[in-house]
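K.L.:
with the input below, show me the fold.
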Amino acid sequence: MSDFRVKGKLYHVDMSSLARVNAKMNLAVAKIIKQSRAGIIAAGAHILGVALVQTPKDQGPLQASGTVMWDKSPTNNNNFEGTQGATEQANTKGMISEVKTVLRNNLFTFDVAVGFGASYAVFVHENMENNHPNGGNAKFLQNAMISEKKKVLRIIRDHVK
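P.N.:
Numbering: from 1, shown residues only. Below is the predicted model of the structure:
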């Protein structure tokens with residue numbers, strides 16, 4: 001119980017109900033944050049799935065190096081085949097480790113990263129003149145991010161409902 005005066009009149013206020021309201025609001029905010037995180041991770045997985053369809057098939061373990069990362073994401077355990085499979089798996093694990101360090105140090109927001117860890121991924125992604133006879137195209141990740149913008153927002157929104 002708190003007392004205060006306004007223009008000489010004494011008011012008594014029961015603050016215990018305010019504490020209950022505050023506790024309920026904190027629970028609601030925590031639930032929204034948890035659901036938002038799940039939505040962002042699901043949106044990242046969706047973008048990766050679309051990008052993988054567009055990823056050139058003739059580039060060894062490039063597809064296997066595609067990963068969705070967040071501060072506590074699991075390790076990429078994809079099967080890296082080919083003569084450079086072990087090397088590219090190590091490159092991907094290194095990329096994931098670096099990205100997770102950045103994400104863990106981001107104190108104010110929750111982020112998800114989508115990327116390809118193969119050492120040559122950026123060259124395949126950026127070279128518009130490469131021919132991909134087995135399918136796929138340059139800008140596979142960028143195109144997925146652009147084309148799926150509305151779907152990503154729906155995925156996040158649907159998780160928060």
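K.L.:
for the most centrally placed residue in the chain, give me its contacts.
P.N.:
In the chain, the centroid-proximal residue (C-alpha atoms, centre = their mean) is V112; its distance is 2.1 Å. Contacts for V112 were tallied using C-beta atoms under 8 Å, 6 or more residues apart in numbering; they are 40-41, 43-44, 68-70, 103. Just so you know, the C-beta spots here come from the backbone N, C-alpha and C atoms, and that holds for glycine as well.
K.L.:
of these, buried ones?
P.N.:
Neighbour-count burial (16 or more other C-beta atoms under 10 Å) applied to the contacts of V112 gives 40-41, 43-44, 68-70, 103.
K.L.:
how about low-confidence regions in the chain?
P.N.:
Flagging of the chain using pLDDT under 70 yields the residue ranges 1, 59-60, 107-108.
K.L.:
which stretches in it count as strands?
P.N.:
2-6, 9-13, 66-69, 113-116 (DSSP state E).
K.L.:
if you compare those, which one is most tucked away?
P.N.:
Highest mean neighbour count among these (mean count of other C-beta atoms under 10 Å): strand 66-69, with a mean of 23.
K.L.:
for that strand, name the packing helices and strands.
P.N.:
helix 16-54, helix 85-104, strand 113-116 (3 or more C-beta pairs under 8 Å, 6 or more residues apart in numbering; DSSP states H and E).
K.L.:
quick check: N131 vs H159, distance?
P.N.:
As for N131, its distance to H159 is 40 Å (criterion: C-beta to C-beta, to the nearest Å).
K.L.:
of those two, who's got more company?
P.N.:
Neighbour count, other C-beta atoms under 10 Å: between N131 and H159, H159 has more, with 18 against 6.
K.L.:
my read: the more buried one touches Q35, true?
P.N.:
Yes. Counting by C-beta atoms under 8 Å, H159 touches Q35, with 4.9 Å between them.
K.L.:
follow-up on the earlier one: out of the helices and strands packed on strand 66-69, flag the one nearest N76.
P.N.:
The closest of the helices and strands packed on strand 66-69 to N76 is helix 85-104. By C-beta to C-beta, the value is 5.5 Å.
K.L.:
could I get the buried residue list for that closest one?
P.N.:
Across helix 85-104, burial judged by 16+ other C-beta under 10 Å covers 88-89, 91-93, 95-96, 99-100, 103.
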